[in-house]
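Visitor: Sequence and predicted model, in that order:
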Amino acid sequence: LRRRLAPFVLHRTYTGLSGDVVDVTFSDDSTVLMACSRDSTARIWTLDTVKDFVPTTLSGHKGSLVGAYFEQPTAKNNRRLTRCFTVSSDGALITWKCNYPNGGDQGRDTRSDFQAQSNAAVDFFAGGADMGTSSSLGIKNDDTSSGTKRKKLTQAHQLVGATWDVEARHYFQQDNSSVTATSHSAKHNLLVVGFSTGLFGLYELPSVSNVHTLSISNQYIRTVSINNTGEWLAFGCPSNQQLLVWEWRSETYVIKQRGHAYGMRCMSYSPDGIVVATGGEDGSLKLWNSTSGFCYCTLTSHTAPITATTFAGSSVVLTASLDGTVRAHDLHRYKNFRTLTSPTPVQFVSLAIDPAGEIVAAGTADPFNVYVWNLQNSRLLDILSGHAGPVSSLAFNPLRGTLASASWDGTVKLWDLYKRETEPESIQHSSDVVCLAFRPDGKAICTGTIGGLLSFWNVEDCSLICEIDGRRDIAGGRKMNDRMTSDNNASSRYFTSVCYSADGSCVLAGGNSKYVCIYEVSQQILLKKFQISFNRSLDGVLDELNSKNLGEGGPLDDMNESGDEADFSSLMPGAKRGDDGSRKSRVEVMSLQVAFSSTGREWATVSNEGLHVYSLDDDATFDPVALDEAVTPGAVQSNLLRGDYGKALCMSLYLNEYALVKQVIEQTPYQSISHVVRSVGKRNLERLLQYVARSMSDSPHVEFYLQWCLELLQNHGAELEKNKGSYMRAFRAMHKMVQTRYDEVEGMCAENRYAMDFCEDQAKLNRK
């Protein structure tokens, strides 16, 4: 494929609204657009310049507008715009009716040919449509029964001289609530309205009769959407990080997902790499499927933010929290079965568990100790003291009983938990140590300091192996209050989390920057760095700020007056102004923790936006065949004649015709089956399994289809195992058919064996 730069070109700028524009909608033929604003008005323009057209302003609301929509034109009124609807935040809906001056001849151009051509030329030179043909002049030819050619105008040309009047007013009658979001399905004449109380309503237009009402949250609904069939409704509630997809006919949830209320803070992979556990500022523990990205379990046993999480086997996950407890959760019963506490109230900030899953260690912010428990009986085994600052990170040696602890006092201590009354070995650093990780073979340890250095130490003699200066690698991004450019603020960037790859050759590091870096340890080089966010609403994403918004004292724009977020807070008792004391600030982009999956195929990081998973698997690889207009049955036959069986199979699978797929499968030579199976991507794998099972049911070529099954399992076995839930239906169908043919062949062989024995005995008798 040839990649070309296709930049957006400014077509036109439309004015006339004095407030922020909140919604824009197009007409049926995309020649008319309407926008609504916070100034309680809506305005209608044409996409291109149309002679004698005057933009119309619709004003009649008392509150700011939330949405504006056109009614779907019908063939009965010659595809003309007849109505539009505007919805305001105070719960009012106004239906506007369009009055045309030429109501008797609807949509027909009755002007003379000379006048029509002259007006079209004016439109063209004013920046309107191209004037190459009559259809490009905004005119469509339409032969009448009398044989005279008359013109059918576009919706933009029909609006010339038209006026809009209020036809009806409706009120949603929801007490103590405001309209916060709307969505419209023109095809089904349905309007979805979301309210600030978490309630939504589905209304039929133009009668505005209520079809369905449901309360889905106790927080305001920020955005709603309705699908093309008008059956699924999607809602977003940013206050509680909630995403819902509701099927209103059957009244069931299609998707019900909810994130951490105040962001994520830590994460860890399960030993098999399928589950990711995240701890949030709201004190909840969530379990996510790393393949689908969905959260399937939420545990709320902590009463304060979770600071660290780790797995003890595949069925137990441990969490440390600022509430002074370390809790163990059973992933089979989804409940907390162990609670580890300290003799005095403390706040745990780091956590580690030994490879056997029996010894648990947790570090505190104050009094700078490390507490060690036995997970089997919840007994406190030891309290390790010696640090002079908060214990920021803990890690067990993968092969020994050695515990490494990093602290803000600039030291890393190695504790041997099985030898009593021995002083720990101490590794001194030049600045505070904030993260550490053991190499998988346990012979080296990597530490990160606030100076931006990654130091690699030999565990045996605590000698320094090498250092990597990563300050320049993660430098970038200027925050609103920075007094220097992004090129000169590298001193404030450092790594806060580090981990080794499965083979120990690379390290993954992330910190208070928008970048996550991967280094090769032996050569001490940067392999690649990833920018985790391009969200410009986060602080530190842009490298250069707009100078007009900067003054001598800092940024000029007031975040509290941006108006991007709706304010539904109630007034404080006795207050005369709407200020509840809350203040807004921009969230800074940073990666709080990074981790490699045990499979080595993916890694994940936690940022202020959520959980990011990066994978080597090409699950989302773009396949150009799917969008090629040449995918036809004739093209499939041509590829078969040329011997390009792999491409022919992919095309036939996209066409989804059973007879065509079966023809390609059976015309593929036996020796080419392996190569053809390798060319099938994951997108068509399930469909191919189903077609092979279906074709095998009535085919006499048993061995031929068994070879297809064998090659599918050998070449795509890893994918089938990883996503067994997605392929289970197709795999069971294929297994059932193989078992059926096996039983048939087995019965036939048994019958033939007795027949052959009889023939052999008869031959012996005839010889005698």
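Guide: In hand now; what should we look at?
Visitor: which residues in the stretch 51-200 of the chain form strands?
Guide: Secondary structure of the stretch 51-200 of the chain (DSSP state E, counting those that start in this stretch): strands located at 56-59, 65-70, 83-88, 92-99, 108-109, 139-143, 149-153, 163-171, 179-185, 190-195, 199-204.
Visitor: Could you save these as CSV and add columns showing mean neighbour count and distance to residue 210?
Guide: All C-beta atoms are positioned from the backbone trio N, CA, C, and that covers glycine. Formatted as CSV, those follow (neighbours: other Cβ atoms under 10 Å; distance: least, Cβ to Cβ, whole Å):
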stretch, mean neighbour count, distance to residue 210
strand 56-59, 16, 24
strand 65-70, 25, 17
strand 83-88, 24, 14
strand 92-99, 19, 12
strand 108-109, 18, 39
strand 139-143, 14, 39
strand 149-153, 18, 37
strand 163-171, 13, 10
strand 179-185, 23, 14
strand 190-195, 25, 10
strand 199-204, 20, 6
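Visitor: got these as CSV, with mean pLDDT and distance to residue 26 columns?
Guide: Formatted as CSV, these follow (pLDDT from 0 to 100; distance: least, Cβ to Cβ, whole Å):
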stretch, mean pLDDT, distance to residue 26
strand 56-59, 94, 16
strand 65-70, 95, 8
strand 83-88, 95, 12
strand 92-99, 94, 16
strand 108-109, 51, 23
strand 139-143, 46, 18
strand 149-153, 58, 17
strand 163-171, 94, 17
strand 179-185, 94, 12
strand 190-195, 94, 17
strand 199-204, 93, 22
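Visitor: For residue 426, which of the ones you listed is the nearest?
Guide: Residue 426 lies closest, by Cβ to Cβ, to one member of these: strand 179-185, at 57.1 Å.
Visitor: between that closest one and strand 190-195, how many degrees?
Guide: Relative orientation of strand 179-185 versus strand 190-195 (axes from the mean of the first three to the mean of the last three Cα atoms, to 10 degrees): 170 degrees.
Visitor: for strand 179-185, packing partners?
Guide: In this structure, strand 179-185 makes packing contacts with strand 65-70, strand 83-88, strand 190-195, strand 223-226, judged by 3 or more Cβ pairs under 8 Å, 6 or more residues apart in numbering; DSSP states H and E.
Visitor: any chance of the ones you listed in TSV, with distance to residue 699 too?
Guide: As requested, the helices and strands packed on strand 179-185 are exported to TSV (distance: least, Cβ to Cβ, whole Å):
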stretch	distance to residue 699
strand 65-70	54
strand 83-88	58
strand 190-195	48
strand 223-226	45
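Visitor: For residue 31, find the nearest of the ones you listed.
Guide: Closest to residue 31 of these, according to Cβ to Cβ: strand 65-70, at 11.4 Å.
Visitor: Identify the neighbouring strands of the closest one in the sheet and state each direction.
Guide: Using DSSP bridges, strand 65-70 pairs in its sheet with strand 83-88 (antiparallel).
Visitor: low-scoring stretches of the stretch 551-700 of the chain, by residue?
Guide: Applying pLDDT under 70 to the stretch 551-700 of the chain picks out residues 551-585, 617-630.
Visitor: mind listing the strands for it?
Guide: Under the criterion DSSP E, counting those that start in this stretch, the stretch 551-700 of the chain carries strands at the ranges 554-555, 591-596, 602-607, 611-615.
Visitor: Dump the ones you listed to CSV, plus mean neighbour count.
Guide: Conversion of the strands of the stretch 551-700 of the chain to CSV gives the following (neighbours: other Cβ atoms under 10 Å):
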stretch, mean neighbour count
strand 554-555, 14
strand 591-596, 23
strand 602-607, 23
strand 611-615, 17
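Visitor: any idea where the helices of the protein begin and end?
Guide: Using DSSP state H, the helices of the chain run over 113-125, 155-158, 471-474, 633-642, 645-655, 658-667, 673-678, 682-696, 702-722, 724-767.
Visitor: quick one: average pLDDT of the last one?
Guide: When you say that, I think you mean helix 724-767. Mean per-residue pLDDT for helix 724-767: 82.
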